[in-house]
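[1] How does the following fold in three dimensions:
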Amino acid sequence: METRDKNMEERIKKLIQDALENLDVEVTEISLEHPADIKMGDYSTNVAMVCAKALKKFPNELAEKIVAEILRLNTDQYIEKIEVAGAGFINFYLSRKFFADRIEEILNQGENVGQNNFLEGKRIMIEYTDPNPFKVFHIGHLNNNTIGESISRIVEWSGAEVKRTCYQGDVGMHVAKAVWGFMKNKDWGTSYVFGSQAYEEDEKAKKEIQEINKKIYLEDEEIMPIYEEGKTLSLEAFEDIYRKLGTKFEFYFLESEVGEFGKKTVLKFLEDGIFEKSDGAIVFHAEKYAKDLHTRVFVNREGLPTYEAKELGLAKIKYDIYKYDKSIIITGNEINEYFKVLLYAMKQIFPELAEKTLHLSHGMLRLSSGKMSSRTGNVITAEELIDEVKERVKGNEAVAIGAIKYSILRSKKGGDVVYNVEESISTVGDSGPYLQYSYARANSVIEKAKKEDILPDPDILITEIFEVEKLLYRFSEVILRSAKEYEPHYIANYLIELARAFNSFYGNTVIVNKEDPTSAYKVALSFAFISVMKKGLYLLGIEAPEKM
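    Prediction:
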């Protein structure tokens, strides 16, 4: 499924290589990129600057010689012009025919626009979101879900079979606090906050909560009906949020299901010396393997498996259910050091699974203003944020969620995201609603063309090359880069640039005009934009509304 624009890149590289050989210039690798300024051409190479130093020549002079030789060799109808720029860059300008052919290709691809086979045949399990029952689904989970869902869609569009996975903590002190809180106030909505406060402030309550925690582990008959009721309500509430966000998980894993296997695994390898006893607990001394790592507890003094042991169990249970080629786990970067130790422990026990496991981390989602207050303690829930934004966009939930998701995905995933509500809902700036608005605007053009009975025709002769078509053909390579690096921000930033180019085209061009013989081409161009924008928004997990 290799696209023609990739072939174009290879053809330009071959021309450069042939020219260099004719000039007796040796080079091991030719770098070809898109210039930052679209007016400086469609492809650019710094090969003259790389070679000039070794040849003791001025880069500009060498570049001029290379260009002259390329022009002598070139018979490619897709290359219109080649120029030397700046300190010795060589810029290539593609022809009107190239862009017309790319528009036709996009129209022919239809729903499959931008698809590639980079991960064809690969089975990939992606774990993300991971909210804990009995606790709220907060903006941290929304942040993680947005990133995880987008990566899942990008990987799928690159040919992989993807299984979305959610791992949830249904046992532990947070559960005991919530159950105790409900037993006291009969309100699941506030039970966790109520129980947490009591645990910190009331010694009697603390002991009662600790006793409930033990009873849950022992599946006590008195406690379990209350526990199951709270767990069911909590998981149902999460499903409502997933539906809003456009996520459907294939597999759910619970701590209560993996803990015992994780503990048995640790005990099994205790005899081999991989784990060691220490002060009543069982630990892994990771610093023995790498100086920058530290010791972590895998079974505590009470004989209970910790998160670390459960993660070991989870890795094997996941693989037994679905024989993955890669297991991707997406978390906040606050547990990066924890994961490094975990992966080293996994290498000793399940080396083949450790090799298949990839941990991706992201920063925190923070609000730029402290104006929002939470009904559930000091944590802002995802629904509170969605409702706040929804109110600002006249109740349009798709636009509200698009605004939040784009704000998260426009930056590289490693850093924190400072979310500003006002900036996120702007229809004229760097925002999700701006992309949605641009898509809806293009749809209005097509509706008008239908009424005028103007059909899209990419074969109509036209002299002008529009900026928007200089960007449309790059869509597939942007997706490929996002898939290779697991970075949705490349797509988000590309779509903003594309939307600005289309809006400039829309504002400066009469697209639908029965008297204009080139109108059918402009309509085809608008169709191509719609196709690419809709798929790009889908890959970000954002809805594309027909009207706004």
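
[2] for residue 340, what are its contacts?
    286, 290, 292-293 (CB atoms under 8 Å, 6 or more residues apart in numbering). Using the backbone N, CA and C atoms, a C-beta is placed for each residue, glycine as well.

[3] Ok, residue 55 next?
    So residue 55 contacts 25, 62 (CB under 8 Å, 6+ apart).

[4] and of the contacts of residue 340, the nearest to residue 319?
    Set against residue 319, the nearest of these by CB to CB is residue 286 (22.4 Å).

[5] Please tell me I have it right and the closest one contacts residue 297.
    No: applying CB atoms under 8 Å as the test, residue 286 and residue 297 come out as separate, 11.6 Å apart.

[6] Looking at these two, which is more packed in?
    Neighbours were counted for residue 286 and for residue 297 using other CB atoms under 10 Å; residue 286 has more, 21 against 18.

[7] who's in contact with that one?
    293-296, 340-341, 344-345.

[8] Nearest residue to it in space, please, no chain neighbours.
    residue 293 (3.6 Å; CB to CB, 6 or more residues apart in numbering).

[9] Then residue 284?
    According to CB to CB, 6+ apart, the nearest residue to residue 284 is residue 345 (4.8 Å).

[10] quick one: that neighbour and residue 88, what's the gap?
    Taking CB to CB, to the nearest Å as the measure, residue 345 and residue 88 are separated by 52 Å.

[11] Comparing these two, which residue is more hemmed in?
    Comparing residue 345 with residue 88 by neighbour count (other CB under 10 Å), the higher total belongs to residue 345, at 27 against 23.

[12] which residues does the nearest residue to residue 333 once chain neighbours are set aside bridge with?
    Distance criterion CB to CB, 6+ apart; nearest residue to residue 333, sequence neighbours excluded, is residue 361 at 3.9 Å. Residues in a beta bridge with residue 361, per DSSP bridges, are residue 331.

[13] In contact with residue 361: list those residues for me.
    330-333, 335-336, 339, 413-414.

[14] Reformat those residues as a markdown table; add pLDDT, distance to residue 532 and neighbour count.
    Formatted as a markdown table, these follow (pLDDT from 0 to 100; distance: CB to CB, whole Å; neighbours: other CB atoms under 10 Å):
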| residue | pLDDT | distance to residue 532 | neighbour count |
| --- | --- | --- | --- |
| 330 | 98 | 26 | 23 |
| 331 | 98 | 32 | 18 |
| 332 | 96 | 32 | 17 |
| 333 | 96 | 32 | 17 |
| 335 | 95 | 37 | 13 |
| 336 | 96 | 35 | 12 |
| 339 | 96 | 36 | 19 |
| 413 | 93 | 23 | 23 |
| 414 | 91 | 27 | 12 |
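
[15] What is the nearest of those residues to residue 357?
    residue 339 (9.3 Å).

[16] my read: that closest one touches residue 331, true?
    Yes: counting by CB under 8 Å, residue 331 is a contact partner of residue 339 at 7.1 Å.

[17] intersection of neighbour lists for these two?
    Common neighbours of residue 339 and residue 331 (CB under 8 Å, 6+ apart) are 359, 361.

[18] Now the residue nearest to residue 284: which helix or strand?
    helix 336-349 (DSSP states H and E).

[19] Buried residues, that helix. List them.
    Buried residues in helix 336-349, counting neighbours by 16 or more other CB atoms under 10 Å, are found at 338-349.
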